[in-house]
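A.B. asks: Using only what follows, build the 3D model:
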Amino acid sequence: MADSKTARLQSSTRVWLLCVLGALCGCDRDVEGPPSRPIERPSVNSAEQGSGASVTEAVPHPLESLEWARIEPGSLVRQSTSYGTGEGLAQLVRLTRPYAMMVTEVTEAQWAALMGYNPTRPLGVPGYECPGRADCAVNRVSWYATLAFANQLSVWAGLPPCYDLTDCTGEPAVGDFACAGDIAFDRDCPGYRLPTEAEWEYAARAGSQTRFPCGDDPTCLQGRAIVQGEPGTDGLSSFPVASRPANEWGLYDMLGNVCEWVWDFSAPYGADPDDDPIGPADGESRVYRGGAFYIPAQGSSPAVRRWIDPAWEDEGLGFRLVRTIGD
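C.D. replies: This next block holds a predicted model:
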């Protein structure tokens, strides 16, 4: 897909420039290991005013900063497009159960506290490194690695892990972690998981019907999303999470900073209405959504879809988690 190729080219170009400068360095592993005691099982309280009411889970150090928004059931009409202009087949999607979504993308500090190391490589070149790194969105994590993080968080929270990773080999987020067998999706799992495409887009739109949540003109993202050309940024690195205002449902960085992995294999949308879609059962590429610091605003609509090999890692690609919750 063109956007994926562009992302690869941009990433490769940045790496080439850094090699010329002789400034590349390895993964930062000088971090404190995961907590020795289980994380208290989080609770999500009912919201009086429906979708997007932000709630904070009681999670002890070092993950005390985890916050979640309750997303209520609802529907959206989605259209597959490469630039969010409304082209493509429209499909009605209904989400029938509430879920909790992370208010921000997973940060470097949160990943390191749980997994024991930081996969985001400090590049060591001015302009190529996120300021205030602990609060920056973790990146250079593959789709497979995000599942390992989700499972780890579930276990320490006293919840069952949602993914069977017994056929996986290597170490998450250091370039060699991959899974050979099929990984099943269980929406009833009470643990943490990646959002589906439909869950992600529904939350990113936050009830809006326009091309962007702020309107139809991509310039409306100025001051609202860290994308290419955003004042105060240079398009060379991500920023700390929540550096721009939240959307109407209390979610930060849904359309900027770094793109986000979702569950689904890539495939065209169907024509018929669909309840709680999870994508095809098999495929070769996994979808990622949203915008990033090096993607222009016009390519950062909630409708934009991109996909790539699930083992791919990029400095503009991270994730956030969700959890199915009761009524």
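
A.B. asks: When you work out contacts or count neighbours from here on, use the C-alpha atoms and nothing else.
C.D. replies: Will do.

A.B. asks: Now do the strands in this protein.
C.D. replies: Taking DSSP state E as the test, the strands found in the chain are 53-56, 67-71, 74-79, 90-95, 99-102, 168-169, 178-179, 259-265, 274-275, 286-289, 305-308, 317-318, 322-324.

A.B. asks: Any idea which of the ones you listed gets closest to F185?
C.D. replies: Among the strands of the chain, the nearest to F185 by Cα to Cα is strand 259-265 (8.4 Å).

A.B. asks: and the residue nearest to P245 when sequence neighbours are not counted, how many neighbours?
C.D. replies: Excluding its sequence neighbours, the residue lying closest to P245 (Cα to Cα, 6 or more residues apart in numbering) is R224, at 5.8 Å. If you count neighbours by other Cα atoms under 10 Å, R224 ends up with 19.

A.B. asks: ok, now how distant is the nearest residue in space to W261 that is not next to it in sequence from A112?
C.D. replies: Leaving aside its sequence neighbours, W261 sits nearest to Y288 (Cα to Cα, 6+ apart; 4.2 Å). Look at Y288 and A112: by Cα to Cα, to the nearest Å, they are 22 Å apart.

A.B. asks: Give me the more crowded residue out of the two.
C.D. replies: Legend: neighbour count by other Cα under 10 Å for Y288 and A112, higher for Y288 (27 against 23).

A.B. asks: How many neighbouring residues does G279 have?
C.D. replies: G279: 20 neighbours (other Cα under 10 Å).

A.B. asks: thought it was touching V262?
C.D. replies: No: here G279 does not reach V262: they are 10.4 Å apart, not a contact under Cα atoms under 8 Å.

A.B. asks: any common contacting residues for those two?
C.D. replies: Listed contacts common to G279 and V262 are T196, E197; contacts here mean Cα atoms under 8 Å, 6 or more residues apart in numbering.

A.B. asks: Thought D164 was touching G181, still the case?
C.D. replies: No: using Cα under 8 Å, G181 makes no contact with D164, being 9.5 Å away.

A.B. asks: Between these two, which has more neighbouring residues?
C.D. replies: Ranked by neighbour count (other Cα under 10 Å), G181 and D164 place D164 first, with 16 against 11.

A.B. asks: count of residues packed around the nearest residue to the more buried one once chain neighbours are set aside?
C.D. replies: In space, and not counting its chain neighbours, D164 is closest to I183: 6.4 Å by Cα to Cα, 6+ apart. I183 has 18 neighbouring residues, counting by other Cα under 10 Å.

A.B. asks: What of the one 4 residues further on?
C.D. replies: Residue crowding around R187 was assessed by other Cα under 10 Å; the count is 16.

A.B. asks: Tell me who's in contact with it.
C.D. replies: Counting by Cα under 8 Å, 6+ apart, R187 makes contact with T324.

A.B. asks: Now it: phi and psi?
C.D. replies: The phi/psi pair for R187 (degrees, to the nearest 10) reads phi -70, psi -20.

A.B. asks: Would you check how far apart the closest residue to F319 other than its chain neighbours and W200 are?
C.D. replies: Computed as Cα to Cα, 6+ apart, the closest residue to F319 that is not its neighbour in sequence is E260, at 4.3 Å. Applying Cα to Cα, the value for E260 to W200 is 9 Å.

A.B. asks: what does Y117 give?
C.D. replies: The gap separating Y117 from W200 is 27 Å, by Cα to Cα.

A.B. asks: and if you look at A246?
C.D. replies: From A246 across to W200, the span is 15 Å (Cα to Cα).
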